[in-house]
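Sequence first, then the predicted structure:
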Amino acid sequence: MYSLFSSLGSLFSHRLGSLMTVLVLGIAMALPLGLYVGVRNLHALDLQQEQWGSLTVFLAMDAGRDQAEALAGDLENHFMATTRLVSPEQGMEEFRTATGFGEATDLFEENPLPWVLHVVPGEGDENRLDDRALEWAAWLEARDHVDLVQVDYKWLQRLAGLLALGDAVLTVLTIVFSLAVVVVVANTIRLDVANRSGEIQVLYMVGAGNGFIRQPFLYSGFWYGLMGALLALLLLNLSLLYLQGPLEHLLDAYGNSFEVSGLGSAGTLLV
């Protein structure tokens, strides 16, 4: 116990050098931690994977319920897809709810919206979603009363790919920065050993064992790691606190509402 606290006193006796070492350790640990928390929060977004490859079919203005239901039936028979019809009245009501332009829409003499058909692919090979979506779009565009076919959620698929890339980059950075932390601590202790070589020789001469001599240096490494981890957690939490407001406003604009989460108690203890 004496060696534990005496090693801490030795660090405080060299305040500037110890501070610089702790800063390097804290920043090196905070960078992969920040990336980990960022990627984990992005994974919490609702990417609506069950609707990837879906299509929105806008019918011509002269198309009515009969034509929309007939097209939906053809789709379900040919492609085993799930379809949902949206009438012009329902579409206008959804538009009012989503935009808040209720009074403005009352100025229209007649409803300008057409019948809309939402097409969701059934279960199958996820790698063929793009091919299936293109095949369905070409088939739909050749149908009568179809004005426009729009493939949805393409950007969500790209975001999912970027998240997978982020996981790989996170693994690489964690390994690299973890090695950097070990090297910094080891090099600091090596310099400490070199500075105290005379003291070590005296201890050898009076019969001190290797374990007794190593103890204060091992405890120094413990204190460096602990203080570096605390600094990294402090930097991470301050960064999250600063970014939380703007990030939540941005996500609200895209229809995703969730609270930014940190490491949690288990992650904090692991660090």
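Received the coordinates, thanks. Numbers count the residues shown, from 1 in each chain.

how about the strands in the stretch 101-250 of the chain?
Ranges of strands in the stretch 101-250 of the chain, per DSSP state E, counting those that start in this stretch, are 116-120, 146-151.

Looking at those, which one is packed in the most?
Highest mean neighbour count of the strands of the stretch 101-250 of the chain: strand 116-120, a mean of 20 (counted as mean count of other Cβ atoms under 10 Å). Where you see a C-beta, it was placed from the backbone N, CA and C, and this is true even at glycine.

May I have that one as CSV, with CA atoms only?
This file holds the C-alpha atoms of strand 116-120, laid out as CSV (Å, rounded to 0.1, in the frame of the first residue of the first chain):
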residue,chain,number,x,y,z
VAL,A,116,-50.4,6.5,-54.8
LEU,A,117,-49.3,2.9,-54.4
HIS,A,118,-46.6,1.9,-51.9
VAL,A,119,-44.9,-1.3,-52.9
VAL,A,120,-42.8,-3.2,-50.3
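
Now do that strand and strand 146-151, the angle between them.
Between strand 116-120 and strand 146-151, the angle comes out at 40 degrees (axes from the mean of the first three to the mean of the last three Cα atoms, to 10 degrees).

so what secondary structure elements neighbour strand 116-120?
strand 55-59, helix 65-79, strand 82-86 (3 or more Cβ pairs under 8 Å, 6 or more residues apart in numbering; DSSP states H and E).

And those: which comes nearest Asn195?
Closest approach to Asn195 among those (Cβ to Cβ): strand 55-59, 70.7 Å.

Quick one: closest of the helices and strands packed on strand 116-120 to Val181.
That would be, of these and by Cβ to Cβ, strand 55-59, which comes in at 49.7 Å.

Each with direction, which strands does the closest one pair with?
strand 116-120 (antiparallel), strand 146-151 (antiparallel) (DSSP bridges).

do you know which of those strands lies nearest Val22?
Nearest to Val22, of all the strands paired with strand 55-59, is strand 146-151, at 52.2 Å by Cβ to Cβ.

Phi, psi for Gly262 please.
As for Gly262, its main-chain torsions (degrees, to the nearest 10) stand at phi -100, psi -150.

Take the strands of the stretch 101-250 of the chain and lay them out in TSV including mean pLDDT.
Converted to TSV, these look like this (pLDDT from 0 to 100):
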stretch	mean pLDDT
strand 116-120	80
strand 146-151	80
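
With distance to Arg190 as extra columns, can I get these in JSON lines?
Below are the strands of the stretch 101-250 of the chain laid out as JSON lines (distance: least, Cβ to Cβ, whole Å):
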{"stretch": "strand 116-120", "distance to Arg190": "62"}
{"stretch": "strand 146-151", "distance to Arg190": "60"}
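
Relative to Val24, which of these is closest?
Closest of the strands of the stretch 101-250 of the chain to Val24 is strand 146-151, at 48.8 Å (criterion: Cβ to Cβ).

Tell me where the longest helix sits in this structure.
Ranked by number of residues, the top helix in the chain under DSSP state H is helix 210-253.

Give the other helices and strands that that one contacts.
Packed against helix 210-253, as judged by 3+ Cβ pairs under 8 Å, 6+ apart, are the following elements: helix 2-13, helix 15-43, helix 154-195, helix 197-205.

so which of the ones you listed gets nearest Ala72?
Closest of the helices and strands packed on helix 210-253 to Ala72 is helix 154-195, at 22.9 Å (criterion: Cβ to Cβ).

now the angle from the closest one to helix 210-253?
Inter-element angle recorded for helix 154-195 and helix 210-253: 160 degrees (by the same axes, to 10 degrees).

Show the average pLDDT along helix 154-195.
Mean pLDDT, helix 154-195: 78.

in terms of contact, does Leu33 touch Val271 like I think?
Yes. Leu33 is in contact with Val271 according to Cβ atoms under 8 Å; the separation is 6.8 Å.

Spit out the residues that contact the two alike.
Overlap between the contact sets of Leu33 and Val271, as judged by Cβ atoms under 8 Å, 6 or more residues apart in numbering, is given by Ala232, Leu233, Leu263.
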